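Asker: pasting a predicted model and its sequence here:
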Amino acid sequence: MATVASGQDLTKRAKPQEGPIALVNARVHPVSGPVIADGYVLFDGGKIVEVGPMVAEAGPDGGKGGSKVFMATVRQLDVKGKHVYPGFIGSFTQMGLAEIASVRASRDFNETGEVTPEAVASVAINPDSNLITVTRSNGVLICGTFPSGGLVQGRASVMQMEGWTSEDMTLKREAGLVVGWPFMRTVRAPWMDKSEDEQLKDIRTSLERIRDVFRSASGYVRSKAADGDKQPTDLRWEAMRPYITGASPQGMVYIEAADYDQIMSALAFAKEFELKITLVGGRDAPMAAKLLKERDIPVIVGTTHAMPKRDDAPYDEVYTMPAKLHAAGVRFAIASGEETAHERNLPYVAAMAVAHGLPWEAGLRSITLSAAEILGVADRVGSLDKGKDATLIVTDGPAMEVTTNLTMAFIGGREIELRNKQTELADKYREKYRNAKPGAGAPAAPAAKPVDAR
(Lines give C-alpha, C1' and ligand atoms only; values in the text may rest on other atoms or scores of the structure.)
Protein backbone atom coordinates (compact mmCIF):
# COMPACT_ATOMS: atom_id res chain seq x y z
CA MET A 1 0.00 0.00 0.00
CA ALA A 2 2.82 2.38 0.82
CA THR A 3 4.48 1.72 -2.52
CA VAL A 4 1.29 2.49 -4.44
CA ALA A 5 0.56 5.60 -2.37
CA SER A 6 3.98 7.03 -3.16
CA GLY A 7 3.03 6.98 -6.82
CA GLN A 8 0.19 9.47 -6.43
CA ASP A 9 0.35 12.83 -8.22
CA LEU A 10 0.21 15.83 -5.86
CA THR A 11 0.12 18.68 -8.42
CA LYS A 12 -2.79 21.13 -8.38
CA ARG A 13 -5.68 20.70 -10.81
CA ALA A 14 -6.24 23.40 -13.41
CA LYS A 15 -9.00 25.96 -12.94
CA PRO A 16 -11.66 26.40 -15.63
CA GLN A 17 -10.91 29.11 -18.19
CA GLU A 18 -12.12 32.37 -16.66
CA GLY A 19 -12.07 34.59 -19.72
CA PRO A 20 -10.93 34.89 -23.34
CA ILE A 21 -7.23 34.23 -23.97
CA ALA A 22 -5.25 35.15 -27.08
CA LEU A 23 -1.85 33.72 -27.92
CA VAL A 24 -0.35 36.36 -30.19
CA ASN A 25 2.69 36.79 -32.45
CA ALA A 26 3.18 33.02 -32.70
CA ARG A 27 4.12 30.63 -35.46
CA VAL A 28 0.82 28.73 -35.59
CA HIS A 29 0.58 25.15 -36.86
CA PRO A 30 -3.14 24.38 -37.39
CA VAL A 31 -2.28 20.96 -38.94
CA SER A 32 -5.54 21.08 -40.90
CA GLY A 33 -4.15 23.97 -42.97
CA PRO A 34 -0.94 25.80 -43.84
CA VAL A 35 1.39 27.18 -41.18
CA ILE A 36 0.76 30.80 -40.18
CA ALA A 37 4.16 32.44 -39.80
CA ASP A 38 2.92 35.32 -37.59
CA GLY A 39 -0.45 34.43 -36.18
CA TYR A 40 -2.75 34.21 -33.21
CA VAL A 41 -5.06 31.71 -31.53
CA LEU A 42 -8.05 33.09 -29.62
CA PHE A 43 -10.04 30.81 -27.33
CA ASP A 44 -12.84 31.29 -24.83
CA GLY A 45 -14.97 28.92 -22.76
CA GLY A 46 -12.56 26.13 -23.55
CA LYS A 47 -13.16 26.41 -27.31
CA ILE A 48 -11.11 27.95 -30.11
CA VAL A 49 -12.84 31.10 -31.36
CA GLU A 50 -10.44 32.29 -34.07
CA VAL A 51 -7.14 31.34 -35.68
CA GLY A 52 -5.46 33.65 -38.14
CA PRO A 53 -2.59 35.95 -39.08
CA MET A 54 -1.67 39.02 -37.05
CA VAL A 55 -3.11 41.65 -39.40
CA ALA A 56 -2.24 45.09 -38.04
CA GLU A 57 -3.91 48.30 -39.17
CA ALA A 58 -1.99 51.46 -39.98
CA GLY A 59 -2.01 54.04 -37.21
CA PRO A 60 -2.43 57.80 -37.68
CA ASP A 61 1.33 58.26 -38.00
CA GLY A 62 1.66 55.48 -40.55
CA GLY A 63 2.89 52.99 -37.97
CA LYS A 64 1.31 49.65 -37.12
CA GLY A 65 -1.71 49.54 -34.88
CA GLY A 66 -3.33 46.67 -33.05
CA SER A 67 -5.66 44.05 -34.47
CA LYS A 68 -9.34 44.58 -33.67
CA VAL A 69 -9.82 40.91 -32.96
CA PHE A 70 -8.21 41.24 -29.53
CA MET A 71 -10.12 44.28 -28.29
CA ALA A 72 -12.50 42.12 -26.26
CA THR A 73 -9.94 39.75 -24.85
CA VAL A 74 -9.20 39.80 -21.15
CA ARG A 75 -5.77 38.23 -21.41
CA GLN A 76 -3.19 38.42 -24.20
CA LEU A 77 -0.10 36.23 -24.07
CA ASP A 78 2.70 37.39 -26.33
CA VAL A 79 4.53 34.26 -27.51
CA LYS A 80 6.68 35.89 -30.14
CA GLY A 81 9.29 33.52 -31.53
CA LYS A 82 7.42 30.47 -30.26
CA HIS A 83 5.27 27.80 -31.90
CA VAL A 84 1.65 26.84 -31.19
CA TYR A 85 0.52 23.29 -31.96
CA PRO A 86 -2.51 21.15 -31.09
CA GLY A 87 -1.69 18.85 -28.20
CA PHE A 88 -0.04 15.59 -29.20
CA ILE A 89 -2.17 12.44 -29.09
CA GLY A 90 -0.87 9.07 -27.93
CA SER A 91 -3.05 6.83 -30.07
CA PHE A 92 -2.29 3.48 -28.39
CA THR A 93 -1.35 3.54 -24.70
CA GLN A 94 -2.19 2.16 -21.26
CA MET A 95 -2.05 5.59 -19.68
CA GLY A 96 -3.85 5.69 -16.34
CA LEU A 97 -4.07 1.89 -16.20
CA ALA A 98 -0.43 1.21 -15.32
CA GLU A 99 1.85 2.87 -12.79
CA ILE A 100 4.68 0.71 -11.45
CA ALA A 101 5.43 -2.36 -13.56
CA SER A 102 6.66 -4.40 -10.59
CA VAL A 103 3.59 -3.65 -8.43
CA ARG A 104 0.62 -5.78 -9.44
CA ALA A 105 -1.86 -3.56 -7.63
CA SER A 106 -0.95 -0.61 -9.88
CA ARG A 107 -1.48 -2.55 -13.15
CA ASP A 108 -5.16 -2.51 -14.09
CA PHE A 109 -5.17 -3.09 -17.85
CA ASN A 110 -5.89 -6.82 -18.07
CA GLU A 111 -9.24 -8.32 -17.10
CA THR A 112 -9.60 -11.95 -16.07
CA GLY A 113 -10.72 -14.15 -18.96
CA GLU A 114 -10.22 -14.18 -22.73
CA VAL A 115 -13.53 -12.53 -23.65
CA THR A 116 -14.34 -9.35 -21.70
CA PRO A 117 -16.04 -6.86 -24.09
CA GLU A 118 -17.93 -5.34 -21.16
CA ALA A 119 -14.70 -3.84 -19.74
CA VAL A 120 -14.23 -0.11 -20.43
CA ALA A 121 -10.79 1.44 -19.98
CA SER A 122 -12.00 4.80 -18.64
CA VAL A 123 -13.63 3.16 -15.61
CA ALA A 124 -10.23 1.99 -14.31
CA ILE A 125 -8.26 5.19 -15.01
CA ASN A 126 -6.24 6.51 -12.05
CA PRO A 127 -6.49 10.33 -12.30
CA ASP A 128 -3.72 10.71 -9.69
CA SER A 129 -1.10 8.82 -11.68
CA ASN A 130 2.32 10.47 -11.66
CA LEU A 131 2.81 9.27 -15.24
CA ILE A 132 0.03 11.55 -16.47
CA THR A 133 1.82 14.73 -15.38
CA VAL A 134 5.15 13.48 -16.75
CA THR A 135 3.54 12.65 -20.09
CA ARG A 136 1.75 15.95 -20.58
CA SER A 137 4.88 17.94 -19.68
CA ASN A 138 6.23 16.95 -23.11
CA GLY A 139 3.10 17.92 -25.02
CA VAL A 140 1.10 14.65 -25.02
CA LEU A 141 -2.27 15.94 -23.83
CA ILE A 142 -4.61 13.22 -25.14
CA CYS A 143 -4.23 9.44 -24.95
CA GLY A 144 -6.13 6.52 -26.39
CA THR A 145 -6.12 4.10 -23.45
CA PHE A 146 -6.47 0.43 -24.41
CA PRO A 147 -7.12 -2.64 -22.29
CA SER A 148 -5.03 -5.72 -23.06
CA GLY A 149 -4.89 -9.47 -22.58
CA GLY A 150 -7.10 -12.19 -24.04
CA LEU A 151 -8.89 -12.26 -27.38
CA VAL A 152 -11.72 -9.74 -26.97
CA GLN A 153 -10.07 -7.40 -24.51
CA GLY A 154 -12.64 -4.70 -23.82
CA ARG A 155 -13.29 -1.18 -25.05
CA ALA A 156 -10.74 1.59 -25.46
CA SER A 157 -11.31 5.13 -24.17
CA VAL A 158 -9.87 8.51 -25.13
CA MET A 159 -8.62 10.49 -22.15
CA GLN A 160 -7.42 14.03 -21.47
CA MET A 161 -4.31 14.34 -19.33
CA GLU A 162 -5.96 16.48 -16.64
CA GLY A 163 -8.91 16.18 -14.32
CA TRP A 164 -10.05 15.45 -10.78
CA THR A 165 -11.75 12.17 -11.66
CA SER A 166 -11.74 9.66 -14.50
CA GLU A 167 -15.06 11.16 -15.65
CA ASP A 168 -13.43 14.61 -15.85
CA MET A 169 -10.64 13.16 -17.96
CA THR A 170 -12.80 11.19 -20.36
CA LEU A 171 -13.04 12.69 -23.83
CA LYS A 172 -14.71 9.62 -25.35
CA ARG A 173 -15.81 6.76 -23.12
CA GLU A 174 -16.04 4.13 -25.85
CA ALA A 175 -13.63 4.62 -28.73
CA GLY A 176 -13.92 1.04 -29.96
CA LEU A 177 -13.72 -2.67 -29.22
CA VAL A 178 -10.22 -4.16 -28.87
CA VAL A 179 -9.44 -7.60 -30.31
CA GLY A 180 -6.06 -9.30 -29.93
CA TRP A 181 -5.43 -11.42 -33.02
CA PRO A 182 -3.63 -14.72 -32.37
CA PHE A 183 -0.16 -15.32 -33.77
CA MET A 184 -0.67 -17.26 -36.99
CA ARG A 185 2.67 -19.05 -37.30
CA THR A 186 4.17 -21.89 -35.32
CA VAL A 187 7.31 -21.12 -33.33
CA ARG A 188 10.47 -23.17 -33.54
CA ALA A 189 12.58 -21.99 -30.64
CA PRO A 190 14.29 -23.60 -27.65
CA TRP A 191 11.86 -22.00 -25.24
CA MET A 192 8.71 -23.28 -26.99
CA ASP A 193 7.36 -26.30 -25.07
CA LYS A 194 4.58 -27.16 -27.55
CA SER A 195 4.82 -29.15 -30.75
CA GLU A 196 3.83 -27.57 -34.06
CA ASP A 197 0.64 -29.62 -34.11
CA GLU A 198 -0.30 -28.33 -30.67
CA GLN A 199 0.45 -24.76 -31.72
CA LEU A 200 -1.68 -25.10 -34.86
CA LYS A 201 -4.51 -26.49 -32.77
CA ASP A 202 -4.27 -23.50 -30.41
CA ILE A 203 -4.36 -21.09 -33.36
CA ARG A 204 -7.48 -22.73 -34.82
CA THR A 205 -9.14 -22.74 -31.39
CA SER A 206 -8.45 -19.03 -30.87
CA LEU A 207 -9.74 -18.07 -34.32
CA GLU A 208 -12.90 -20.08 -33.83
CA ARG A 209 -13.37 -18.53 -30.38
CA ILE A 210 -13.28 -15.01 -31.86
CA ARG A 211 -15.77 -15.98 -34.57
CA ASP A 212 -18.02 -17.58 -31.98
CA VAL A 213 -18.00 -14.38 -29.93
CA PHE A 214 -19.23 -12.27 -32.84
CA ARG A 215 -21.78 -14.90 -33.90
CA SER A 216 -23.13 -15.09 -30.35
CA ALA A 217 -23.37 -11.30 -30.07
CA SER A 218 -25.22 -11.08 -33.39
CA GLY A 219 -27.61 -13.84 -32.37
CA TYR A 220 -28.23 -12.16 -29.03
CA VAL A 221 -29.10 -8.83 -30.66
CA ARG A 222 -31.53 -10.51 -33.06
CA SER A 223 -33.17 -12.41 -30.19
CA LYS A 224 -33.51 -9.24 -28.14
CA ALA A 225 -35.12 -7.44 -31.08
CA ALA A 226 -37.59 -10.30 -31.64
CA ASP A 227 -38.51 -11.04 -28.04
CA GLY A 228 -36.74 -8.67 -25.68
CA ASP A 229 -38.95 -9.37 -22.66
CA LYS A 230 -38.10 -13.07 -22.54
CA GLN A 231 -34.45 -12.82 -23.55
CA PRO A 232 -32.23 -12.28 -20.46
CA THR A 233 -29.75 -9.41 -20.65
CA ASP A 234 -26.12 -10.36 -21.16
CA LEU A 235 -23.72 -7.51 -20.44
CA ARG A 236 -21.00 -8.98 -22.66
CA TRP A 237 -23.18 -9.05 -25.77
CA GLU A 238 -24.84 -5.72 -24.93
CA ALA A 239 -21.35 -4.20 -24.96
CA MET A 240 -20.78 -5.59 -28.46
CA ARG A 241 -24.05 -4.28 -29.88
CA PRO A 242 -22.45 -1.25 -31.67
CA TYR A 243 -19.82 -3.40 -33.38
CA ILE A 244 -21.78 -6.17 -35.05
CA THR A 245 -23.23 -6.32 -38.57
CA GLY A 246 -26.04 -3.84 -39.11
CA ALA A 247 -25.20 -1.53 -36.22
CA SER A 248 -25.89 2.11 -37.03
CA PRO A 249 -23.63 3.92 -36.57
CA GLN A 250 -21.16 1.05 -36.50
CA GLY A 251 -18.36 1.31 -33.97
CA MET A 252 -14.66 0.80 -34.63
CA VAL A 253 -13.00 -2.53 -33.89
CA TYR A 254 -9.28 -2.24 -33.17
CA ILE A 255 -7.50 -5.44 -34.14
CA GLU A 256 -3.98 -5.90 -32.81
CA ALA A 257 -2.08 -7.57 -35.64
CA ALA A 258 1.57 -7.17 -36.59
CA ASP A 259 2.69 -9.95 -38.94
CA TYR A 260 1.51 -10.26 -42.54
CA ASP A 261 -0.26 -13.55 -41.76
CA GLN A 262 -2.13 -11.93 -38.89
CA ILE A 263 -3.05 -8.89 -40.96
CA MET A 264 -4.45 -10.90 -43.87
CA SER A 265 -6.38 -13.19 -41.53
CA ALA A 266 -7.82 -10.18 -39.67
CA LEU A 267 -8.83 -8.49 -42.94
CA ALA A 268 -10.62 -11.65 -44.09
CA PHE A 269 -12.41 -11.84 -40.73
CA ALA A 270 -13.48 -8.19 -40.94
CA LYS A 271 -14.87 -8.75 -44.42
CA GLU A 272 -16.73 -11.88 -43.31
CA PHE A 273 -18.44 -10.08 -40.40
CA GLU A 274 -18.67 -6.67 -42.14
CA LEU A 275 -16.70 -4.90 -39.43
CA LYS A 276 -15.26 -1.41 -39.40
CA ILE A 277 -11.67 -1.97 -38.30
CA THR A 278 -8.33 -0.32 -37.56
CA LEU A 279 -5.10 -2.31 -37.46
CA VAL A 280 -2.98 -1.74 -34.37
CA GLY A 281 0.72 -2.54 -34.56
CA GLY A 282 0.82 -3.24 -38.28
CA ARG A 283 4.50 -4.15 -38.46
CA ASP A 284 4.00 -5.72 -41.92
CA ALA A 285 1.26 -3.31 -42.99
CA PRO A 286 3.28 -1.99 -46.00
CA MET A 287 3.09 -5.50 -47.47
CA ALA A 288 -0.72 -5.23 -47.47
CA ALA A 289 -0.84 -1.51 -48.31
CA LYS A 290 -2.78 -1.90 -51.55
CA LEU A 291 -5.61 -3.79 -49.84
CA LEU A 292 -5.63 -1.41 -46.88
CA LYS A 293 -5.93 1.54 -49.25
CA GLU A 294 -8.74 -0.07 -51.26
CA ARG A 295 -10.77 -0.81 -48.13
CA ASP A 296 -9.81 2.43 -46.36
CA ILE A 297 -8.51 0.63 -43.29
CA PRO A 298 -6.31 2.86 -41.11
CA VAL A 299 -3.26 1.68 -39.17
CA ILE A 300 -1.93 2.68 -35.77
CA VAL A 301 1.79 2.12 -36.28
CA GLY A 302 3.06 0.45 -33.12
CA THR A 303 6.39 2.30 -32.99
CA THR A 304 9.41 3.30 -35.04
CA HIS A 305 11.84 2.56 -32.20
CA ALA A 306 12.42 -1.12 -32.87
CA MET A 307 14.93 -3.49 -34.40
CA PRO A 308 14.38 -5.26 -37.74
CA LYS A 309 12.24 -8.35 -37.30
CA ARG A 310 13.98 -10.65 -39.77
CA ASP A 311 17.65 -11.47 -40.19
CA ASP A 312 17.63 -10.36 -43.83
CA ALA A 313 15.60 -7.19 -43.28
CA PRO A 314 17.22 -3.77 -43.85
CA TYR A 315 18.30 -1.89 -40.73
CA ASP A 316 15.72 0.85 -41.35
CA GLU A 317 12.76 -1.49 -41.87
CA VAL A 318 10.76 -0.02 -38.98
CA TYR A 319 11.97 3.56 -39.43
CA THR A 320 10.66 3.72 -43.02
CA MET A 321 7.32 1.98 -42.42
CA PRO A 322 5.29 5.22 -41.98
CA ALA A 323 6.84 6.69 -45.15
CA LYS A 324 5.80 3.58 -47.10
CA LEU A 325 2.23 3.78 -45.79
CA HIS A 326 2.12 7.49 -46.61
CA ALA A 327 3.34 6.87 -50.17
CA ALA A 328 0.69 4.18 -50.61
CA GLY A 329 -2.09 6.51 -49.43
CA VAL A 330 -2.91 4.50 -46.30
CA ARG A 331 -4.29 6.49 -43.38
CA PHE A 332 -2.17 6.03 -40.26
CA ALA A 333 -1.19 7.39 -36.86
CA ILE A 334 2.06 6.72 -35.01
CA ALA A 335 2.05 5.39 -31.45
CA SER A 336 5.07 5.52 -29.17
CA GLY A 337 5.26 1.80 -28.48
CA GLU A 338 6.94 2.76 -25.21
CA GLU A 339 6.13 1.55 -21.72
CA THR A 340 3.54 3.80 -20.08
CA ALA A 341 6.21 5.56 -18.04
CA HIS A 342 7.91 6.74 -21.26
CA GLU A 343 4.88 7.79 -23.30
CA ARG A 344 6.29 11.33 -23.25
CA ASN A 345 8.73 10.20 -26.00
CA LEU A 346 5.91 10.11 -28.58
CA PRO A 347 7.13 13.13 -30.63
CA TYR A 348 10.59 11.56 -30.99
CA VAL A 349 9.08 8.32 -32.31
CA ALA A 350 7.38 10.36 -35.04
CA ALA A 351 10.64 12.24 -35.62
CA MET A 352 12.38 8.96 -36.44
CA ALA A 353 9.90 8.40 -39.27
CA VAL A 354 10.47 11.95 -40.51
CA ALA A 355 14.22 11.38 -40.52
CA HIS A 356 13.64 8.35 -42.78
CA GLY A 357 11.47 9.76 -45.54
CA LEU A 358 8.11 10.76 -44.03
CA PRO A 359 7.27 14.42 -44.82
CA TRP A 360 7.47 16.65 -41.74
CA GLU A 361 3.83 17.72 -42.05
CA ALA A 362 2.72 14.08 -42.24
CA GLY A 363 4.81 13.26 -39.18
CA LEU A 364 3.12 16.03 -37.18
CA ARG A 365 -0.29 14.94 -38.44
CA SER A 366 0.37 11.35 -37.38
CA ILE A 367 0.47 12.38 -33.69
CA THR A 368 -2.29 15.00 -33.88
CA LEU A 369 -5.13 15.09 -36.43
CA SER A 370 -4.66 11.60 -37.89
CA ALA A 371 -4.64 10.09 -34.42
CA ALA A 372 -7.79 12.05 -33.54
CA GLU A 373 -9.54 10.82 -36.70
CA ILE A 374 -8.71 7.18 -36.01
CA LEU A 375 -9.81 7.45 -32.37
CA GLY A 376 -13.04 9.20 -33.38
CA VAL A 377 -12.42 12.53 -31.65
CA ALA A 378 -11.39 14.73 -34.59
CA ASP A 379 -14.49 16.85 -34.07
CA ARG A 380 -12.98 18.08 -30.80
CA VAL A 381 -9.17 17.81 -30.91
CA GLY A 382 -6.24 17.21 -33.23
CA SER A 383 -6.06 20.55 -35.03
CA LEU A 384 -6.39 24.27 -34.36
CA ASP A 385 -9.78 24.99 -35.91
CA LYS A 386 -12.66 27.22 -34.88
CA GLY A 387 -15.08 25.38 -32.60
CA LYS A 388 -12.66 22.69 -31.43
CA ASP A 389 -11.42 22.32 -27.87
CA ALA A 390 -8.60 24.66 -26.91
CA THR A 391 -6.25 21.75 -26.27
CA LEU A 392 -2.91 23.06 -27.43
CA ILE A 393 0.74 23.57 -26.58
CA VAL A 394 3.30 26.36 -26.91
CA THR A 395 6.92 25.40 -27.57
CA ASP A 396 10.21 27.27 -27.94
CA GLY A 397 11.15 25.34 -31.07
CA PRO A 398 9.85 22.95 -33.73
CA ALA A 399 7.84 19.97 -32.56
CA MET A 400 9.50 16.55 -32.59
CA GLU A 401 12.95 18.05 -31.84
CA VAL A 402 14.61 16.67 -28.72
CA THR A 403 15.98 20.13 -27.89
CA THR A 404 12.53 21.76 -27.98
CA ASN A 405 10.90 22.62 -24.65
CA LEU A 406 7.25 23.04 -23.77
CA THR A 407 6.51 26.46 -22.28
CA MET A 408 2.70 26.38 -21.94
CA ALA A 409 -0.12 23.88 -22.34
CA PHE A 410 -3.90 24.19 -22.30
CA ILE A 411 -6.52 21.43 -22.11
CA GLY A 412 -10.02 22.63 -22.89
CA GLY A 413 -8.82 26.19 -22.30
CA ARG A 414 -7.45 25.37 -18.83
CA GLU A 415 -3.80 26.28 -18.35
CA ILE A 416 -1.97 23.16 -17.22
CA GLU A 417 0.71 22.84 -14.56
CA LEU A 418 3.86 21.58 -16.29
CA ARG A 419 5.73 20.57 -13.16
CA ASN A 420 5.72 16.92 -12.13
CA LYS A 421 7.47 14.49 -9.81
CA GLN A 422 10.52 14.31 -12.07
CA THR A 423 11.02 18.09 -12.24
CA GLU A 424 10.63 18.29 -8.46
CA LEU A 425 13.29 15.61 -7.97
CA ALA A 426 15.59 17.35 -10.43
CA ASP A 427 15.30 20.62 -8.48
CA LYS A 428 15.75 18.80 -5.19
CA TYR A 429 19.07 17.23 -6.10
CA ARG A 430 20.39 20.28 -7.94
CA GLU A 431 19.80 22.21 -4.71
CA LYS A 432 21.82 19.62 -2.81
CA TYR A 433 24.91 20.31 -4.91
CA ARG A 434 24.36 24.07 -5.00
CA ASN A 435 24.53 24.11 -1.21
CA ALA A 436 27.48 21.73 -0.94
CA LYS A 437 30.74 23.39 0.15
CA PRO A 438 33.84 22.66 -1.95
CA GLY A 439 35.82 19.79 -0.43
CA ALA A 440 32.81 18.52 1.55
CA GLY A 441 32.56 15.31 -0.44
CA ALA A 442 30.47 16.61 -3.29
CA PRO A 443 31.58 18.31 -6.52
CA ALA A 444 30.43 21.83 -7.16
CA ALA A 445 27.39 22.03 -9.43
CA PRO A 446 28.28 23.17 -12.94
CA ALA A 447 26.83 26.45 -14.10
CA ALA A 448 23.62 26.08 -16.07
CA LYS A 449 24.05 26.50 -19.81
CA PRO A 450 21.41 28.00 -22.08
CA VAL A 451 19.58 25.42 -24.19
CA ASP A 452 20.02 25.71 -27.94
CA ALA A 453 16.45 25.08 -29.18
CA ARG A 454 17.31 25.00 -32.86
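Answerer: Arrived safely, thanks for sending. Numbering: from 1, shown residues only.

Asker: the stretch 51-200 of the chain: strands as residue ranges?
Answerer: Assigned by DSSP state E, counting those that start in this stretch, the strands in the stretch 51-200 of the chain fall at 75-78, 83-86, 88-93, 140-145, 152-160, 170-180.

Asker: give me the contact list for the last one.
Answerer: If I follow you right, that is strand 170-180. 117, 120, 122, 125, 142, 144, 146-160, 210, 239-240, 242-243, 251-256, 278, 280, 375-377, 380-381 (C-beta atoms under 8 Å, 6 or more residues apart in numbering). The way it works is simple: take the backbone N, C-alpha and C, and place the C-beta from them, glycine included.

Asker: re earlier: mind putting the strands of the stretch 51-200 of the chain into CSV with mean neighbour count and distance to residue 21?
Answerer: Formatted as CSV, those follow (neighbours: other C-beta atoms under 10 Å; distance: least, C-beta to C-beta, whole Å):
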stretch, mean neighbour count, distance to residue 21
strand 75-78, 14, 5
strand 83-86, 25, 12
strand 88-93, 30, 20
strand 140-145, 30, 16
strand 152-160, 27, 18
strand 170-180, 23, 21
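
Asker: out of those, nearest to residue 421?
Answerer: strand 140-145 (16.2 Å; C-beta to C-beta).

Asker: what's that closest one packed up against?
Answerer: Strand 140-145 sits against strand 88-93, strand 152-160, helix 369-375, with contacts defined as 3 or more C-beta pairs under 8 Å, 6 or more residues apart in numbering; DSSP states H and E.

Asker: who does the shortest one pair up with?
Answerer: So the one you mean is strand 88-93. strand 140-145 (parallel) (DSSP bridges).

Asker: what's in contact with the strand it pairs with?
Answerer: 87-97, 121-122, 125, 135, 156-162, 171, 175, 343-344, 346-347, 371-372, 375, 377, 381, 391, 393, 409, 411, 416.

Asker: if we go to 6 Å?
Answerer: Strand 140-145 is contacted by residues 87-93, 95-96, 121, 156-159, 161, 346, 375, 381, 391, 411 when judged by C-beta atoms under 6 Å, 6 or more residues apart in numbering.

Asker: dump the helices and strands packed on strand 140-145 to JSON lines, plus mean pLDDT.
Answerer: JSON lines is the format used below for the helices and strands packed on strand 140-145 (pLDDT from 0 to 100):
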{"stretch": "strand 88-93", "mean pLDDT": "96"}
{"stretch": "strand 152-160", "mean pLDDT": "95"}
{"stretch": "helix 369-375", "mean pLDDT": "97"}
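
Asker: nearest to residue 50, out of these?
Answerer: Among the helices and strands packed on strand 140-145, helix 369-375 sits nearest to residue 50 (C-beta to C-beta), with 18.9 Å.

Asker: now for the helix or strand following the closest one, which elements pack on it?
Answerer: Counting by DSSP states H and E, the next helix or strand C-terminal to helix 369-375 is strand 392-395. Judged by 3 or more C-beta pairs under 6 Å, 6 or more residues apart in numbering; DSSP states H and E, the packing partners of strand 392-395 are strand 83-86, strand 406-411.

Asker: average pLDDT for strand 392-395?
Answerer: Taken as a whole, strand 392-395 carries a mean pLDDT of 97.

Asker: cool, stretch 255-271 as well?
Answerer: 95.

Asker: residues of that stretch that come out buried?
Answerer: Using 16 or more other C-beta atoms under 10 Å as the test for burial, stretch 255-271 gives 255-260, 262-267, 269-270.

Asker: of these, closest to residue 19?
Answerer: Ranked by distance to residue 19 (C-beta to C-beta), the buried residues of stretch 255-271 are led by residue 256 at 44.5 Å.

Asker: what are the phi and psi values for that closest one?
Answerer: Here is the backbone geometry of residue 256 (degrees, to the nearest 10): phi -80, psi 110.

Asker: next up, the contacts around it.
Answerer: 180, 181, 280, 281 are the contacts of residue 256 under C-beta under 6 Å, 6+ apart.

Asker: out of those, which is most surrounded?
Answerer: Within those, residue 280 tops the neighbour count with 28 neighbours, counted by other C-beta atoms under 10 Å.

Asker: that one against residue 301, yeah?
Answerer: No. If you go by C-beta atoms under 6 Å, residue 280 and residue 301 don't touch, sitting 9.0 Å apart.

Asker: which one of the strands of the stretch 51-200 of the chain lies closest to residue 385?
Answerer: Ranking the strands of the stretch 51-200 of the chain by proximity to residue 385 (C-beta to C-beta) places strand 83-86 first, at 9.0 Å.

Asker: show me where the chain has its helices.
Answerer: 2-5, 130-136, 166-169, 196-227, 235-239, 260-273, 289-294, 321-328, 346-355, 360-366, 369-375, 421-435 (DSSP state H).

Asker: format those helices as CSV; extra columns: distance to residue 50.
Answerer: What follows is these, written out as CSV (distance: least, C-beta to C-beta, whole Å):
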stretch, distance to residue 50
helix 2-5, 45
helix 130-136, 25
helix 166-169, 27
helix 196-227, 45
helix 235-239, 41
helix 260-273, 41
helix 289-294, 36
helix 321-328, 31
helix 346-355, 27
helix 360-366, 22
helix 369-375, 19
helix 421-435, 33
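
Asker: where among those helices is average confidence lowest?
Answerer: helix 2-5 (a mean of 42).

Asker: domain parsing of the protein, as residue ranges.
Answerer: 13-87+383-421+428-454, 88-381 (automatic domain parsing).

Asker: for the most centrally placed residue in the chain, what are its contacts?
Answerer: Nearest to the geometric centre of the chain sits residue 90, at 1.6 Å (C-alpha atoms, centre = their mean). Taking C-beta under 6 Å, 6+ apart, we find residue 90 in contact with 140, 143, 343, 346.

Asker: was I right about residue 121 contacting residue 157?
Answerer: Yes. Counting by C-beta under 6 Å, residue 121 touches residue 157, with 4.2 Å between them.

Asker: re earlier: bridging residues for the residue nearest to the centre of the chain?
Answerer: Beta-bridge pairing of residue 90 under DSSP bridges involves residue 143.
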